[in-house]
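Novice: Predicted model, plus sequence, below.
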Protein chains: 2
Amino acid sequence: MAETLSPTVLTLKDIAREAGVSLATVDRVLHNRPGVRPDTVRRVKDAIARNSFQPHVAAAELARGRARRFAFVMPSGPNPFMQQIEAYLGEMAAWLSARRLNVEMIATDVFEPAALAASLEALSGDYDGVAVVALDHPSVRAAINDLVDAGTKVVTLVSDVPSSRRHHYVGIDNIAAGRTAGALVGRLVGQRSGKVAIVAGSQGLRDHAERIFGFNQVMATEFPDLSVLPVLEGRDEDDRSEQLLARLLGKHPDIVGLYNVGAGTQGVAKALNDKALGAAGRDKQVVFVGHDVTALTRRLLLQGVMDAAISQNPGHEARAAVRVLLALARGEPILSEQEKIRIDIVMRDNLP
Amino acid sequence: MAETLSPTVLTLKDIAREAGVSLATVDRVLHNRPGVRPDTVRRVKDAIARNSFQPHVAAAELARGRARRFAFVMPSGPNPFMQQIEAYLGEMAAWLSARRLNVEMIATDVFEPAALAASLEALSGDYDGVAVVALDHPSVRAAINDLVDAGTKVVTLVSDVPSSRRHHYVGIDNIAAGRTAGALVGRLVGQRSGKVAIVAGSQGLRDHAERIFGFNQVMATEFPDLSVLPVLEGRDEDDRSEQLLARLLGKHPDIVGLYNVGAGTQGVAKALNDKALGAAGRDKQVVFVGHDVTALTRRLLLQGVMDAAISQNPGHEARAAVRVLLALARGEPILSEQEKIRIDIVMRDNLP
DNA sequence: CATTAAATGAGTTGCGTACCTCAAAACACC
DNA sequence: GGTGTTTTGAGGTACGCAACTCATTTAATG
């Protein structure tokens, strides 16, 4: 009837006795210190495995003395998503200090490869872990690899650099996100046929490009009655997005769906709402799917202007980045299921 | 440019000096032990607050010596959702043992109030925390309150007992889940009008009743063109659900939507697929929304038989229950944002 | 065999807290 | 004033591990 999931665990002393060696040797093996014969290493590791020994994290943490330092390298400038991440880190302050963890925010021009790489290089040696919102560029990749080589744990956040040797990526699969957006637009448009518009920041941004790719994939294979118009590049700016979209809506009265890949949501909504385009604007007739839950998108969802938002929970991302860095630093396994950022579909009725 | 989120923290010795008392007195205040004058208590607490002191969890954990024991009281019998929770707890084994946490599974007949209450009473004194999938019944409520009074931390899982003094509820808001299901059925049906069927386990189950309530709410206010048929009570059994639904589909050729509130999904799908009801079955014509991502619902989503599943991540629930119990036992604050179980909308393209 | 290098043992210290004991001081009461 | 009670101080031990030193043993080399 009752079943125990966690057997009693031993201490290092027990392992030493089991392996027939001294505590010092166990310690050497555990921390990959030199001066132990391969055969002895094996005996110790066997004893550890045989008893499924886990070092007591509390004891280890206490014994190491110095606090751990983590750095979050984030884009400078006003970016609501990044501000949210910073806010969530602030909410963890008590949690962090109870574990003697120091987290520092470092702002840099993420879109300038040289500046970002320089910021990263400057961290070398001083930090146990670094989370970075990174651009996928050779110099950035090199900077990340240097950090890794120096023993710093590196996690990419939101935007990955798969070609680097970063230890982990905390963020969503953007192709899948685009596919999800496509499925939503297609399904919500329903029986109607017509055209679908895409507004993106830039097709040069890795995540935007991936989302568009996924979106088009689904549209082509599953919704042949809908034709996708060329991507508008609004540079994530409200004004530019509005102008481009307004012109497009004017030219194509049969637009039934819209996918906003990045920011500039304010402008997109304004264009949809523009009275000049029809008696009551097009906001309720066009299925509008975008990204991220902010104060603005929340309002648009409630008003029925936006139909769904694809969201990657920024709180989850912030916490996952910290937890992953901590687990890496401690040499603990990562609960991959827990740290995986899911693609959330947010509609009016499941607004968080 | 760089901003520290976590200032250096002091130790108990520093606090003692700050407050002008001895370590022993600080310890007495910190653990609400008697024998300290109110005025002194205030002085110590002031010093703690003034320096935003946080006890070092690692040191505290190490010093207390004995491991913590948590119990998960879950329904007996083959329930896929519960099995998943147990599996996820198994995945945490290393995490748990590194923290010297013992988690035990206790199976009981959750639908029998007396049996459940007895199971809970039997735990008194032996556990630091209990997570229970509870029925909302006076005797269960009393048993929970007894546990709480005995100093055990209690968390309700999946199904709440709001009238009890449980410390926390880990699960979704079922009314909101029903609303979400309603919105999905309504939106996915599109322009068509017709009838909508509901299959539930029993309207006597709190969570099912709440979901139906939320579903009807949305249907009535937002989709007046759809009329909801009386709820079928399939008792979460495949056969019974199939028979009831098959009869209903036969009687109403104009059913365009279906909400399956609980289990019995296999039966529901079979009824939809029944060739006797039409040339090719009704599975692709009826919008079908259900709950939970299992091997079965995953297949149905991929086949296009099911259109969306409302999901409460069982892995997240298992981990959240453990984390909340641990935080409660340690006297740490709970990261409510992190522990909140979200209502996930799962469609074919964002299957986890 | 002697010499040197490598491997291992034995031991110490300290991390910050919980929990305990015992004595001393402060206080309340008659 | 003396009594008894409450409050406070001082100190110790233990938790499990990291990190270190230094002596000793074992193996490799010439």
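Specialist: Alright, I've got the coordinates. Numbers count the residues shown, from 1 in each chain, chains lettered A, B, ... in the order given.

Novice: Chain neighbours aside, what residue packs nearest to the closest residue to chain B within the stretch 101-250 of chain A?
Specialist: Evaluated by Cβ to the nearest Cβ, the stretch 101-250 of chain A has A:Gly190 as its residue closest to chain B, separated by 3.2 Å. Any C-beta I mention is one placed from the backbone N, CA and C, and that applies to glycine too. Excluding the flanking residues, the one nearest A:Gly190 by Cβ to Cβ, 6 or more residues apart in numbering or on different chains is B:Gly190, at 3.2 Å.

Novice: ditto for A:Asn174
Specialist: A:Glu210 (3.7 Å).

Novice: ok, the one you found touching A:Gly171?
Specialist: No. Using Cβ atoms under 8 Å, A:Glu210 is not in contact with A:Gly171, being 11.0 Å away.

Novice: Within range of DNA strand C, give me the residues from chain A.
Specialist: Within chain A, the residues that sit near DNA strand C (Cβ under 7 Å from any atom of the strand) are A:20-25, A:27-28, A:34-37, A:39-40, A:62-63, A:65.

Novice: how does it look with 10 Å?
Specialist: Neighbours of DNA strand C within chain A, by Cβ under 10 Å from any atom of the strand: A:16-17, A:19-29, A:33-41, A:43-44, A:58-67, A:98, A:100.

Novice: need the contact list for A:Val158.
Specialist: A:Phe81, A:Val133, A:Val170, A:Gly171, A:Asp207, A:Gln312, A:Glu317 (Cβ atoms under 8 Å, 6 or more residues apart in numbering or on different chains).

Novice: Would it be right to say that the last one lies in a helix?
Specialist: Yes. Note on A:Glu317: a helix contains this position according to DSSP: H, G, I helix; E, B strand; the rest coil.

Novice: Start and end of stretch A:243-258, how far apart?
Specialist: Length of stretch A:243-258, first residue to last, Cα to Cα, to the nearest Å: 15 Å.

Novice: Okay, buried residues for that stretch please.
Specialist: Burial within stretch A:243-258, assessed by neighbour count using 16 or more other Cβ atoms under 10 Å in any protein chain shown, is assigned to A:Gln243, A:Leu244, A:Leu245, A:Ala246, A:Leu248, A:Leu249, A:Ile255, A:Val256, A:Gly257, A:Leu258.

Novice: now, which of those sits nearest DNA strand D?
Specialist: Distance to DNA strand D across the buried residues of stretch A:243-258 (Cβ to the nearest atom of the strand) is lowest for A:Leu258, with 54.6 Å.

Novice: Show me chain A divided up by domain.
Specialist: Per automatic domain parsing, the domain ranges recorded for chain A read A:12-55, A:66-171+A:315-341, A:174-311.

Novice: As JSON lines, these with mean pLDDT would be great.
Specialist: Listed next are the domains of chain A as JSON lines, based on pLDDT from 0 to 100:
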{"stretch": "domain A:12-55", "mean pLDDT": "88"}
{"stretch": "domain A:66-171+A:315-341", "mean pLDDT": "92"}
{"stretch": "domain A:174-311", "mean pLDDT": "90"}
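
Novice: what about the helices in the stretch 1-150 of chain A?
Specialist: In the stretch 1-150 of chain A, the helices defined using DSSP state H, counting those that start in this stretch lie at A:12-19, A:23-30, A:38-50, A:57-64, A:80-91, A:93-98, A:113-122, A:138-149.

Novice: Wondering if the third one reaches chain B at all.
Specialist: No. Applying Cβ under 8 Å from any Cβ of the partner chain, one finds helix A:38-50 out of contact with chain B, separated by at least 12.2 Å.

Novice: which helices and strands sit right next to that helix?
Specialist: Helix A:38-50 sits against helix A:12-19, helix A:23-30, with contacts defined as 3 or more Cβ pairs under 8 Å, 6 or more residues apart in numbering or on different chains; DSSP states H and E.

Novice: Then the last one?
Specialist: Secondary-structure packing of helix A:138-149 (3+ Cβ pairs under 8 Å, 6+ apart): helix A:113-122, strand A:153-157.

Novice: Which one of those lies nearest to A:Gly234?
Specialist: helix A:113-122 (22.7 Å; Cβ to Cβ).

Novice: Please identify the buried residues of that closest one?
Specialist: A:Pro113, A:Ala115, A:Leu116, A:Ala117, A:Ser119, A:Leu120.

Novice: since we're on the spatially closest residue to the last one that is not a sequence neighbour, how many residues are nearby?
Specialist: In space, and not counting its chain neighbours, A:Leu120 is closest to A:Ala143: 3.9 Å by Cβ to Cβ, 6+ apart. Taking other Cβ atoms under 10 Å in any protein chain shown as the criterion, the count of residues near A:Ala143 is 28.

Novice: What of A:Thr221?
Specialist: 10.

Novice: which residues touch the strand or helix carrying it?
Specialist: Using DSSP states H and E, A:Thr221 maps to helix A:206-222. Contact partners of helix A:206-222, identified using Cβ under 8 Å, 6+ apart, comprise A:136, A:158-160, A:174-183, A:185-186, A:196, A:198, A:200-203, A:226, A:228, A:231, A:259, A:261-262, A:291, B:349.

Novice: Just the buried ones among those, please.
Specialist: In the contacts of helix A:206-222, burial by neighbour count holds for A:136, A:158-160, A:174-183, A:185-186, A:196, A:198, A:200-201, A:226, A:228, A:231, A:259, A:261-262, A:291, B:349, counting by 16+ other Cβ under 10 Å.

Novice: can you tell me which of those are in strands?
Specialist: Taking DSSP state E, the ones among the buried ones among the contacts of helix A:206-222 that sit in strands are A:Val196, A:Ile198, A:Ala200, A:Leu226, A:Val228, A:Tyr259, A:His291.

Novice: Who are the contact partners of the fifth one?
Specialist: Applying Cβ under 8 Å, 6+ apart to A:Val228 gives the contacts A:Lys195, A:Val196, A:Ile198, A:Phe215, A:Asn216, A:Met219, A:Ala220.
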